[in-house]
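K.L.:
Provided below for reference: sequence and predicted model.
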Amino acid sequence: MQSQRAAPLFRKSFGVMQLHMVLLVVVTGVVFSLMSQNNKENESLAALDGTKLKPAVSATIDTANGSAISLNPGATKVIDVWEDPQCPVCNTFEQANGEFIDDLVRTKKANVVYHVVSFLGNESVAAANAAYCAADEGRYLDFHKAMYLVQPVLENSGFYSTENLIKIGSYAGLTTSTFSDCVTKGSRLDKVRAAYESMTKYKVQGTPTVFFNGKLWERKNNAFLLEEFTAAFEAS
């Protein structure tokens with residue numbers, strides 16, 4: 001009888017132990033997952049270490065043009081760039097042509113107009129708002145470059161959080177409470193909304209989309225080739 005009572009007691013104890021082991025595995029898995037995520041975020045932000053800032057460039061919000069961010073208005077040549085902060089192809093475009101475009105702005109050879117749209121989800125909206133906050137302080141080009149350098153592989157992964165957008169801004173020379181408050185409060189969401197809604201007006205269906213002096217750039221190659229982009233600019 002004693003052994004018969006001990007057997008179910010043992011099975012019950014073993015069952016409890018199994019449950020504890022399962023819970024331990026689950027909790028451990030969650031902890032390691034969070035640590036892994038933090039490491040990935042740190043590694044991504046580490047790409048901005050050693051960032052060298054260029055002089056600030058004032059920006060104008062062109063309300064008549066979907067609240068686009070206009071850099072160097074008044075220049076004879078105009079380049080309209082439509083992009084979403086989470087768009088991976090936009091990142092490819094930026095890596096290929098970003099430095100050339102940056103130089104066009106800084107040497108006043110073109111008015112580059114950025115239409116920061118946000119159709120890929122909430123993190124696109126948050127990142128676009130932060131981009132407008134950066135433009136307010138003349139740091140759009142620096143923030144734009146930094147944002148793409150750390151663009152997460154997965155859309156809406158949680159990486160473009162308020163905290164990380166503020167950290168990205170710090171690498172782009174945005175260390176004021178004005179910037180962090182703007183990001184935290186979503187102070188430029190009206191501009192973000194206007195930019196998104198203007199896609200229909202200009203018949204833009206995806207990103208990146210580029211216009212040279214109002215004419216749609218239609219690439220001859222699938223890849224974004226700098227020589228093709230520069231030739232299109234010179235011909236515009």
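P.N.:
All right, it came through fine.

K.L.:
quick one: the strands in this protein?
P.N.:
59-62, 68-71, 78-83, 111-116, 209-212, 215-216 (DSSP state E).

K.L.:
Could you list every helix and strand in contact with the third one?
P.N.:
In this case it means strand 78-83. Judged by 3 or more C-beta pairs under 8 Å, 6 or more residues apart in numbering; DSSP states H and E, strand 78-83 is in contact with helix 88-106, strand 111-116, strand 209-212. Placement of C-beta: from N, CA and C, glycine included.

K.L.:
Just say which of the ones you listed is most tucked in.
P.N.:
A comparison of the helices and strands packed on strand 78-83 by mean neighbour count, using mean count of other C-beta atoms under 10 Å, puts strand 111-116 on top with a mean of 24.

K.L.:
quick one on the thing from earlier: quick one: closest of the helices and strands packed on strand 78-83 to residue 190.
P.N.:
Taking C-beta to C-beta, strand 111-116 is the member of the helices and strands packed on strand 78-83 nearest to residue 190, at 13.0 Å.

K.L.:
Put the alpha carbons of that closest one into CSV.
P.N.:
Provided in CSV are the C-alpha atoms of strand 111-116 (Å, rounded to 0.1, in the frame of the first residue of the first chain):
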residue,chain,number,x,y,z
ASN,A,111,16.9,71.7,-55.1
VAL,A,112,16.4,68.3,-53.7
VAL,A,113,12.9,67.7,-52.5
TYR,A,114,12.3,64.8,-50.2
HIS,A,115,8.8,63.4,-49.9
VAL,A,116,9.0,61.2,-46.8
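
K.L.:
tell me the mean pLDDT over it?
P.N.:
Taken as a whole, strand 111-116 has a mean pLDDT of 98.

K.L.:
Give me the contacts around that strand.
P.N.:
Here strand 111-116 makes contact (C-beta atoms under 8 Å, 6 or more residues apart in numbering) with 62, 65-66, 68-75, 77-85, 101, 104-105, 128, 131-132, 140, 144, 192, 195, 198-199, 202, 204.

K.L.:
rerun at 7 Å
P.N.:
62, 65-66, 68-75, 78-83, 85, 101, 104-105, 128, 131, 195, 198 (C-beta atoms under 7 Å, 6 or more residues apart in numbering).

K.L.:
ok, back up a step: want to throw the helices and strands packed on strand 78-83 into a markdown table with distance to residue 229?
P.N.:
Formatted as a markdown table, the helices and strands packed on strand 78-83 follow (distance: least, C-beta to C-beta, whole Å):
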| stretch | distance to residue 229 |
| --- | --- |
| helix 88-106 | 5 |
| strand 111-116 | 12 |
| strand 209-212 | 8 |
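
K.L.:
Residue 156: which of the ones you listed is closest?
P.N.:
Per C-beta to C-beta, nearest to residue 156 of those: helix 88-106, 12.8 Å.

K.L.:
can I have that closest one written out in CSV, keeping just the CAs?
P.N.:
The C-alpha coordinates for helix 88-106 follow below in CSV (Å, rounded to 0.1, in the frame of the first residue of the first chain):
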residue,chain,number,x,y,z
PRO,A,88,14.8,48.4,-48.3
VAL,A,89,15.0,49.4,-51.9
CYS,A,90,15.1,53.0,-50.9
ASN,A,91,18.1,52.1,-48.8
THR,A,92,19.7,50.5,-51.9
PHE,A,93,19.0,53.7,-53.8
GLU,A,94,20.5,55.8,-50.9
GLN,A,95,23.7,53.7,-50.8
ALA,A,96,24.2,54.1,-54.5
ASN,A,97,23.3,57.8,-55.0
GLY,A,98,23.1,59.4,-51.5
GLU,A,99,26.6,61.0,-51.5
PHE,A,100,26.1,62.5,-55.0
ILE,A,101,22.7,63.9,-54.0
ASP,A,102,24.2,65.3,-50.7
ASP,A,103,26.9,67.0,-52.8
LEU,A,104,24.3,68.5,-55.2
VAL,A,105,22.5,70.1,-52.2
ARG,A,106,25.6,71.4,-50.5
